[in-house]
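[1] 3D model of this:
(3 chains)
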Amino acid sequence: MSAYALELKDVRKNFGKTEIIRGVNLAVKAGERVAVIGPNGAGKSTLFNLISGRFGLSSGEILLNGQRIDGMKPYEINRMGLSRSFQITNIFPKLSVFENLRCSVLWSLGYRYTFLKALSGLRDANDRADELLEMIGLEKRRDTLAMNLTYAEQRALEIGITIGGGAEVILLDEPTAGMSKSETSRFISLIRKVTEGKTLLTVEHDMGVVFGLADKIAVVVYGEVLAFDTPEAVRANARVQEAYLGSTVADSQAGGH
Amino acid sequence: MEFFLISMLNGVSYGLLLFMLSSGLTLIFSMMGVLNFAHASFYMIGAYFGYTLTGLIGFWPALIVSPLLVGACGALFERLSLRKVHPYGHVPELLVTFGLSYVVLELVQLIWGRVAVEFQPPELLKGSAFTLITHSVEGMRLVLGAAPADMCASMDTAVRVVCSPFPATRAFMMVVAVLMLVALWLLLTRTRIGLVIQAALTHPDMAEALGHNVPRVFMLVFGAGTGLAGLAGVIGGSTFVTEPAMAATVGSVIFVVVVVGGMGSLAGAFLASLLIGVIQTFAVAIDYSFLSLARDLGWQLSAAAQDNTFAKLTVSQVAPILPYLLLVLILIFRPKGLLGTREG
Amino acid sequence: MATVYKFKPLNVGRWVIWSLFALLLLVAPLMFTRNLSHTMLEQMGIAIIACLSYNVLLGQGGMLSFGHAVYTGLGSYMAMHALNAVSGGKLGIPVSLLPLVGGLSGMGFAVLLGWVTTRKSGTPFAMITLGVAELVFAMSLMFSEFFGGEAGVSGNRVAGQPFLGITFGPQIQVYYLIAVYTFVSVAALFAFTQTPLGRILNAVRDNPERVEFIGYNTQRVRYLAFIISGFFAGIAGGLGAINFEIVTAEVVGAARSGAYLLFTFLGGATFFFGPVIGGVLMVIAFVLLSELTKAWLLYLGLVFLFMVMYAPGGIASLIMMNLRVAKFGKLRQIWNSYLGLGLTALVMLAGAGAIIEMVYHLQLNSALGDNLRFMGVMLNARGLDSWFGAAFVMLTGLGLFELARRQYMREWGAIQEEIEKEIKRRETAV
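    Numbers count the residues shown, from 1 in each chain, chains lettered A, B, ... in the order given. Purely as a prediction, here's the structure:
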């Protein structure tokens, strides 16, 4: 058993001749909440894609609970306990909210590719889906088709699908993108609630959210991790201030978040 | 030897015809993401328009007018029908072109009948482009046009003379295809619209974000692609046969070409077209079977083996399925296609 | 109309619907007693199974296949060979189980060919199914031992030991055999939609990439669906072999695959019962419509085109949308619009039909003189007044139809708004 839930060792990724990820080293302990911040185009989403198996590495290693997962297919990685959400909402539009959630729990409950059991009879799957429904606060929209939900509701569903399988390591890619202030704060408490006790990595741009939610911050600039430390340490880090934060932090702090 | 050369030329000319068709298909697919199921139908319309126009204004003017008409039809279809379906996704687009192929087939049969029509090539192209004369003593010689009869027969029975003519229509096909290829290459690499299309070949979303009048560009590209098919139709229809079944015979082959070459790759389509053209042409002419191979090698086969259907099959009998066999093999061993850059 | 309407009919009603279906199957040959009707009913049962099996791929899995006839056709061939083996005393299974032979063959070929086919998705998948279909059809001309060459393979369904006195000599016995298989297949396929694999298949249709991130191998899901589809396709094929007692190469041909696609889509791929409608329509079109006019394929193609453009959910979706309107009590408002649409469409079609029939007449029947009867009117195929008249009727109809359509769209939009408001009102009231 490794000490770390998620480890990245000298991860590099080239697209053609361009190096997007230029040697990332990261070690996240179990239960830690890490906010991944950095300017646009720094490679944050690419990192998530590499970890979740959507893209292959050019070199380096990624370990989940001590086991190498680089080179594995996304569903293999998911089955090992890592789940992710997407920046652009990625749900099942023609299925109802309940069906969306039920689909996300099926594999983890052991229902493989079976076509000999009726969905309505799967007590554990249905109960868990209802549980998730309540957790994300969409009970009133149980039977609404996912494509007919509002944007915020779809984002909530997205989270629901992500945690449905009971993964211990959760990657959330800009979960609050496009939300208003009030929606964001409600959403953050939702995230805090549903990822209780799990290892969380989330890409975020809202500094207030970051400082409120995260145990540690990883600053990604230009394909490298500039700093990986507690929020206070990162705020005080001169390199980070120079490269990214600048005076924005002082302003947002003064704004009283 | 002459058999090999002539067959090679025939195969290459057929392959170039396939390329004329598949290039338009690839362009449309790369630019718009639509796989035009009715592409071969536009080929057919090109042939029929060519046939009717030749009767009215002569072959050479028809060669120019027919593709333009076909392109106009394609652009019209894009404007009225395809555009409407575009927001629903790629499957409805494919379905709408599938429906079009039915409608076109029926309309063609309605207007021109169900029997093949006599689409004759012009006088200039009726003869042979050149003739290969193989003299068992004097070696090979090339004669432009048709060889006179006395050159093909020999007084001396010890000397064997074989005259292999190469039809002018086929030569013309190759010339037009090569010209079209060059023009396409110039268009894609030298002009602005060409650069946009090149970008669309590998990064369609980016090209869409470039801000050109995208609907109009789509209409033009679809019209151009179908126009190319129409051009191929005039030539193919006058060289081979013009009948309602011509769309079906060539239709499935060009889809194989596109998948084998790699979806979205013009170079791949070129390679695959030539490959399939040559393979099919050679295969049809070879009467070899596994049985004859065994005989030549001196193997002794049991009576049951000799009677076996598989063993008795000659290459020429197998010829029709070779493109599809190639498709399956490519899918197993090289799913991206020969030169594919996109997954499609 | 891009939105999908969800309308859940009564759940208790499920038992009622299935019982009615069974009853209908039982009683149909007594209601329609003519020989032709029985033939059509038999073919409808087979077509329903075939289209439903196709919709496992199209509507449930989002996989567009151009080569479904391969599996129904090969199922037919295998069943026919098995039938001949039964007749020859080499195989001891009852004729009534032969469709299962077809089903297992369909499944077998799907296992074999599906592995290559389902490696891709979307458009490449469609192209591969096309290529495989052409491959099989081309092979049918090469291997005449299995495919029977030009004459095909024929057999006699009165073979083997009769079971409870059933020999399948009388046509009515064949009908009931088909009816039983139809009921069981429809029930099984419906049950499939309510299983984990069925639901994950829907998820694959909606968002194939996301499915990988909830732990499922998308390709494996598609492969399994392909196999299940192949099984039921084979059953339909087997029934066809018994019904027609002859199997020719056209059963694996492109035209048949195209027909499955066309009619499944026409019936409606987004609802379970859509392909049932599609199968029924397919038989009606092939048997009746083809007798009515020579231009039936043209009409069919045009209807299909318009369906894809304006009603991609097929007839089933049209029914469901209007049922929803009726549920909210608003059908009366739009009734007039429908009437207007229908009448103007009829006028337009009359004109277009006249033109098309006249062209066909000139094409094919010129020996019979220039006059033909169309909808009770005597037309002269060479007379300018007939042509002008038809064109005038068509264009007038077209203009009026456009007016009616605009009016209809306005009213429909207004009704949809009213319904949405009502739904919101009911939600908040709860």
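
[2] how much space between B:Thr157 and B:Ser136?
    Going from B:Thr157 to B:Ser136 by C-beta to C-beta, to the nearest Å gives 11 Å. C-beta coordinates here come from the backbone N, C-alpha and C atoms, glycine included.

[3] between those two, which one's more packed in?
    B:Ser136 (12 against 6; other C-beta atoms under 10 Å in any protein chain shown).

[4] so the more buried one sits right up against B:Val161, yeah?
    Yes. Between B:Ser136 and B:Val161 there is a contact at 7.2 Å, judged by C-beta atoms under 8 Å.

[5] got any ranges where chain A has weak pLDDT?
    Scanning chain A for pLDDT under 70 picks out the ranges A:1-2, A:244-257.

[6] Just want the residue of it that's nearest chain B.
    A:Gly16 (11.1 Å; C-beta to the nearest C-beta).

[7] where along the stretch 1-150 of chain B do the strands fall?
    B:128-135, B:139-144 (DSSP state E, counting those that start in this stretch).

[8] then the first one to CSV, C-alphas only?
    Spelled out, it's strand B:128-135. What follows is strand B:128-135, C-alpha atoms only, in CSV (Å, rounded to 0.1, in the frame of the first residue of the first chain):
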residue,chain,number,x,y,z
SER,B,128,-7.0,3.1,-79.6
ALA,B,129,-4.7,5.5,-78.0
PHE,B,130,-1.7,3.3,-78.8
THR,B,131,-1.0,-0.3,-79.6
LEU,B,132,1.7,-2.4,-78.0
ILE,B,133,3.1,-4.8,-80.6
THR,B,134,5.0,-7.7,-79.2
HIS,B,135,7.1,-9.4,-81.8
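
[9] Buried residues in that strand, which are they?
    For strand B:128-135, a neighbour-count test (16 or more other C-beta atoms under 10 Å in any protein chain shown) marks B:128-134 as buried.

[10] Kindly report the same for the last one.
    Using 16+ other C-beta under 10 Å as the test for burial, strand B:139-144 gives B:Val143.

[11] Return the residues in contact with C:Asp370.
    Taking C-beta atoms under 8 Å, 6 or more residues apart in numbering or on different chains, we find C:Asp370 in contact with C:361, C:380-383.

[12] Looking at the residues you listed, which are in strands?
    C:Asn380 (DSSP state E).

[13] Among the contacts of C:Asp370, name the buried ones.
    By 16+ other C-beta under 10 Å, these give C:361, C:380-381 as buried.

[14] Helices of the stretch 51-200 of chain C, residue ranges please.
    C:69-87, C:98-117, C:122-140, C:144-147, C:171-193, C:196-206 (DSSP state H, counting those that start in this stretch).

[15] Identify whichever of these lies nearest to A:Gly56.
    Set against A:Gly56 and scored by C-beta to C-beta, these come closest in helix C:122-140, at 21.0 Å.

[16] so the closest one versus helix C:69-87, what angle?
    40 degrees (axes from the mean of the first three to the mean of the last three C-alpha atoms, to 10 degrees).

[17] Okay, buried residues for stretch C:150-157 please.
    Counting neighbours by 16+ other C-beta under 10 Å, stretch C:150-157 gives C:152-153, C:155, C:157 as buried.

[18] so how far is it from its chain's centroid?
    25 Å (C-alpha atoms, centre = their mean, to the nearest Å).

[19] again, but for stretch B:96-104
    That offset, for stretch B:96-104, works out to 20 Å (C-alpha atoms, centre = their mean).

[20] Whether it contacts chain C - can you check?
    Yes. Part of stretch B:96-104 sits near chain C under the criterion C-beta under 8 Å from any C-beta of the partner chain, namely B:96, B:98-100, B:102-103.

[21] Select only the buried ones of those residues in ChimeraX?
    Listed next is the ChimeraX selection for buried residues among the residues of stretch B:96-104 next to chain C, using 16+ other C-beta under 10 Å:
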select /B:96,98,99,100,102,103
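
[22] Tell me if the top helix by length along chain C is near chain B.
    Ranked by number of residues, the top helix in chain C under DSSP state H is helix C:384-429. No. Counting by C-beta under 8 Å from any C-beta, chain B is not contacted by helix C:384-429; separation bottoms out at 13.7 Å.
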